[in-house]
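Q: Structure for this input, please:
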Amino acid sequence: MKTQAKAERKSEDWQLLAPEGSAWADTVQLMLAARSWPFRRLPSESRDPGAYPAPPQGGALIPPGIYSPDAGPIAFADGAETLTAITRASGGAAAAGDPANLQLVQLTEAALARLEHLDPGAFPADLDLAIFALRQALHPLEALATARPATRTALADALPDDSACILAPLLWRLGLYDRHLNLFLLSGLPGLSALRTRLLQQPLIAALFHPGAELDWLRRFRAAHHSPRTATDWSRALGPEGREKSLPHKAQRRKDPSIGSADHIR
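A: Just a heads-up that it's a prediction; the model follows:
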């Protein structure tokens with residue numbers, strides 16, 4: 001059935017417009033590549049008129065999204081709609097979309113949103129809170145990674161299924177934070193850690209997340225975090241004890257006759 005669906009596809013390319021380094025664009029690219037559908041991935045930051053589909057209005061900028069050769073543009077911010085459109089274009093039993101994969105999209109998008117707000121250079125208390133929120137978002141994915149037999153067995157196939165395409169970009173990024181920033185985000189999550197290892201062994205996924213892609217991620221990360229951050233002032237939450245302690249000016253110091261000699265200065 002998958003072979004028949006491929007044969008029914010038109011020759012025009014799918015066009016994927018996304019910001020550089022977009023995790024969801026990686027997911028869409030993997031899903032299109034796994035179906036052997038021709039596509040072009042273009043950076044939304046560029047404005048080369050000849051490289052983009054016709055704008056919806058004269059002179060309007062093309063919004064980030066996925067542009068199907070058979071239908072109108074799909075809002076890139078809506079992962080569930082994108083997944084449904086791709087599976088519908090596949091035809092057959094997958095036309096309505098897999099409810100389990102739709103749930104996986106929602107959980108993965110929530111974790112990616114937490115990851116985007118994680119700043120390793122932030123004040124330690126802020127960083128701890130951000131990591132805690134991220135790990136809370138990862139726990140449901142950990143449960144799915146250990147409880148879904150289909151997710152575990154399908155990963156040995158030459159081509160990844162949709163669940164693998166959805167999870168691979170997130171897990172690849174989590175591993176980069178652990179490797180280069182020593183944040184241990186996957187610590188205590190054995191299901192996701194093992195899943196990451198198996199996913200990155202698949203040729204199609206490994207071809208996307210190659211060493212050069214890792215260097216590009218590091219470049220973008222350093223560019224985004226090079227400026228100093230203003231630390232959050234926690235002193236008000238701690239009350240008087242949280243205020244900065246300092247010695248009084250030398251002229252304000254007094255003698256303490258109860259300790260030592262009269263020359264003793266406290």
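Q: From here on, just use CA atoms for contacts and neighbour counts.
A: OK.
Q: Residue 187 falls within a strand, correct?
A: No - Residue 187 sits outside any strand when classified using DSSP: H, G, I helix; E, B strand; the rest coil, being coil.
Q: for it, what are its contacts?
A: Residue 187 makes contact with no residue under the criterion C-alpha atoms under 8 Å, 6 or more residues apart in numbering.
Q: and with 10 Å instead?
A: By C-alpha atoms under 10 Å, 6 or more residues apart in numbering, the residues touching residue 187 are 135, 178, 193.
Q: I'd like to know which of the residues you listed are part of helices.
A: Counted as lying in helices by DSSP state H, out of the contacts of residue 187, are 135, 178, 193.
Q: Need these in JSON lines (columns: neighbour count).
A: Formatted as JSON lines, the ones in helices among the contacts of residue 187 follow (neighbours: other C-alpha atoms under 10 Å):
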{"residue": "135", "neighbour count": "21"}
{"residue": "178", "neighbour count": "14"}
{"residue": "193", "neighbour count": "18"}
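Q: Nearest to residue 34 among those?
A: Of all the ones in helices among the contacts of residue 187, residue 193 has the smallest distance to residue 34: 22.9 Å, by C-alpha to C-alpha.
Q: how about the nearest residue to the closest one once chain neighbours are set aside, what does it touch?
A: Distances taken as C-alpha to C-alpha, 6 or more residues apart in numbering place residue 186 nearest to residue 193, at 6.2 Å, with adjacent residues excluded. Neighbour list for residue 186: 135, 138, 142, 171, 174, 175, 177, 178, 192, 193, 194, 196 [criterion: C-alpha under 10 Å, 6+ apart].
Q: Which one of the residues you listed sits in the busiest neighbourhood?
A: Highest neighbour count within the contacts of residue 186, by other C-alpha atoms under 10 Å: residue 192, with 23 neighbours.
Q: Quick check, that residue in contact with residue 135.
A: No - applying C-alpha atoms under 10 Å as the test, residue 192 and residue 135 come out as separate, 11.7 Å apart.
Q: Please enumerate the shared neighbours of the two.
A: Common neighbours of residue 192 and residue 135, using C-alpha under 10 Å, 6+ apart, are 141, 142, 186.
Q: Distance of the last one relative to residue 16?
A: In this view, residue 186 and residue 16 are 30 Å apart by C-alpha to C-alpha, to the nearest Å.
Q: got it, and residue 180?
A: Separation of residue 180 from residue 16 (C-alpha to C-alpha) stands at 29 Å.
Q: just the helices in the stretch 151-266 of the chain please.
A: If DSSP state H, counting those that start in this stretch is used as the criterion, the helices of the stretch 151-266 of the chain fall at 162-181, 190-199, 203-208, 211-224, 235-238.
Q: Can you tell me which of the ones in helices among the contacts of residue 187 lies closest to residue 224?
A: Distance to residue 224 across the ones in helices among the contacts of residue 187 (C-alpha to C-alpha) is lowest for residue 178, with 17.9 Å.
Q: I appreciate the help and will end here.
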